[in-house]
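1. Provide a 3D model corresponding to the input given below.
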Amino acid sequence: MDSIRPSPAPSKNKLAKKFQKVIHLKTATKNRSNNAFCLLIPQEKLKCCESQQFEKEEIEDAAKESKNRAAMEAFIAKLFATVSSVKAAYAEIQMAQFPYNGEAIQSADQAVVDELKALSELKHSFLKKQIDASPPHVTLMLAEIQEQQSLMKTYEITMKKMQNEIEGKEAQISSLQRELNEAIQNNKSLEKKINASGSFSILDNVKFSEANSKDFIMVLHYALRSIRNFVKLMIKEMVSANWDVEAAANSIQPEVNFVKKDHKGFAFESFVCREIFSGFNDPGFAVRHENQPWPNGGYQKRLFFFDQFKKVKSVSVLQFLKHNPNSFLGKFLKSKYLQLIHPKMEFSFSGNLNQRKLVNSGEYPETEFFKAFAEMGRRVWLLHCLAFSFDHEVSIFQVKKNCRFSEVYMESVTDDIFTAADGDFRVVFTVVPGFKVGQTVVQSQVYLSPARSAANS
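-> Numbers count the residues shown, from 1 in each chain. All right, here's what the predicted structure looks like:
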């Protein structure tokens, strides 16, 4: 059995080397600690410090930029306020010129100069970059106050100017109204003088031996003017009496599509013409007379009717009727009034039938409505007497509905129908009848529509 041998002890040389290394290491460490201090900083902490420094600089820059922006806003507000002050001062100059006020003009002129100087100072301040002389919020508030004051002053001046213009226009309107009233009064006075003096130069030129178709056309137009005046008055009375004017027009001319609303007046004109001219071809105008008051024919008959024409051509109709209640004209007017004016119409206009009773008894009321009717009747009677004073026959004619339009026998009461549609036109109804004076045709006046529309109606 082998005996256990102890491990051999380390050699002296190896132990010495290890001790030397330990001693050398400690010595080196001691020397470094005595010479300098070295601290190792982590990379994350270094980056954090740099970021904080950068944020601090950004905050300072933002504060500086905000301050500059506030100063610029205050400067601009002050600039606009000064411009508003210039405008207000200039408005004061204009206001002081009409009417002229020397002191006000001088004061406003000085204000304009002062504000222009202020603008010049602002310009130089901007060029020198000296725009933050006072706290921005104070400058901004003062500028807003100045601008509001200038705007209020401008508005007040504008309102005064407009008020002066309104007063001037009102004065002008009042002056024109007075002139209009004076013209109306003068016209009425002249009309009364004409009626009283019994002069009407146009009719005075009609001579028995020279009467012709031109005279007939002239007197016809003279009669048509009074017919249209009466129609306007009748429609006015209908409106005042709360009539349904549209329904009334449709009852006269049913199933008519009027191009314009005011064309409904032609329906009433057609009704009045139809009634007032009814019996025109008869020497007595279809009015009953005791026996026959005129000669049978020839020259004497013509002379008789021309004499009737001369008697009433320039008289005041009511004055004539008062002195000649049983005249041919009086009987004609009585017959036509009872025929044309329905009792219901008269009652709705005046609330009674007094006018009808007076006319029926041979008297003649002096109302505006009857005066217009009587004047219309007088002129139609004149046309009738002139027609029977000719040595050639005069006859009246109506155009039937849906007849093709003919320029020889008809004329349209509305010219716009020819521009509104092209092609064939048809008669919807006759407004004013036509006449044949010997070989001469006096055109009837008709209301037209395109052929297709007329066929549909």
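
2. can you list the low-confidence ranges for the stretch 301-450 of the chain?
-> Counting by pLDDT under 70, the stretch 301-450 of the chain shows low-confidence ranges at 418-423.

3. ok, which stretches of it are helices?
-> 317-323, 328-340, 343-350, 354-360, 368-387, 416-420 (DSSP state H, counting those that start in this stretch).

4. how about these, which one is nearest residue 138?
-> helix 416-420 (71.0 Å; Cβ to Cβ). C-beta coordinates here come from the backbone N, C-alpha and C atoms, glycine included.

5. hmm, back to that, looking at the helices of the stretch 301-450 of the chain, which is nearest to residue 97?
-> Judging the helices of the stretch 301-450 of the chain by Cβ to Cβ, what sits closest to residue 97 is helix 416-420, at 49.5 Å.

6. turn the helices of the stretch 301-450 of the chain into a markdown table, columns for distance to residue 72 and mean neighbour count.
-> A markdown table is the format used below for these (distance: least, Cβ to Cβ, whole Å; neighbours: other Cβ atoms under 10 Å):
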| stretch | distance to residue 72 | mean neighbour count |
| --- | --- | --- |
| helix 317-323 | 89 | 16 |
| helix 328-340 | 87 | 20 |
| helix 343-350 | 80 | 15 |
| helix 354-360 | 87 | 16 |
| helix 368-387 | 78 | 22 |
| helix 416-420 | 65 | 11 |
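
7. surely residue 213 and residue 437 touch.
-> Yes. Taking Cβ atoms under 8 Å as the definition, residue 213 is a contact partner of residue 437 at 4.3 Å.

8. so for those two, which residue has more residues nearby?
-> For residue 213 versus residue 437, neighbours defined as other Cβ atoms under 10 Å are more numerous around residue 437 (21 against 18).

9. list the contacts for that one?
-> 213, 216, 387, 390, 392, 394 (Cβ atoms under 8 Å, 6 or more residues apart in numbering).

10. got it, and residue 312?
-> Contacts of residue 312 (Cβ under 8 Å, 6+ apart): 320, 329, 378, 381, 382, 385.

11. now, among these, which is nearest to residue 303?
-> Checking these against residue 303 by Cβ to Cβ gives residue 385 as the nearest, at 11.2 Å.

12. give me the number of residues near the nearest residue in space to that closest one that is not next to it in sequence?
-> Nearest residue to residue 385, sequence neighbours excluded (Cβ to Cβ, 6 or more residues apart in numbering): residue 309, at 4.0 Å. Residues near residue 309, counting by other Cβ under 10 Å, number 23.

13. state the distance from residue 309 to residue 335.
-> 19 Å (Cβ to Cβ, to the nearest Å).

14. try residue 160
-> As defined by Cβ to Cβ, residue 160 lies at a distance of 67 Å from residue 335.

15. how about residue 183?
-> From residue 183 over to residue 335 (counting by Cβ to Cβ), the distance is 38 Å.
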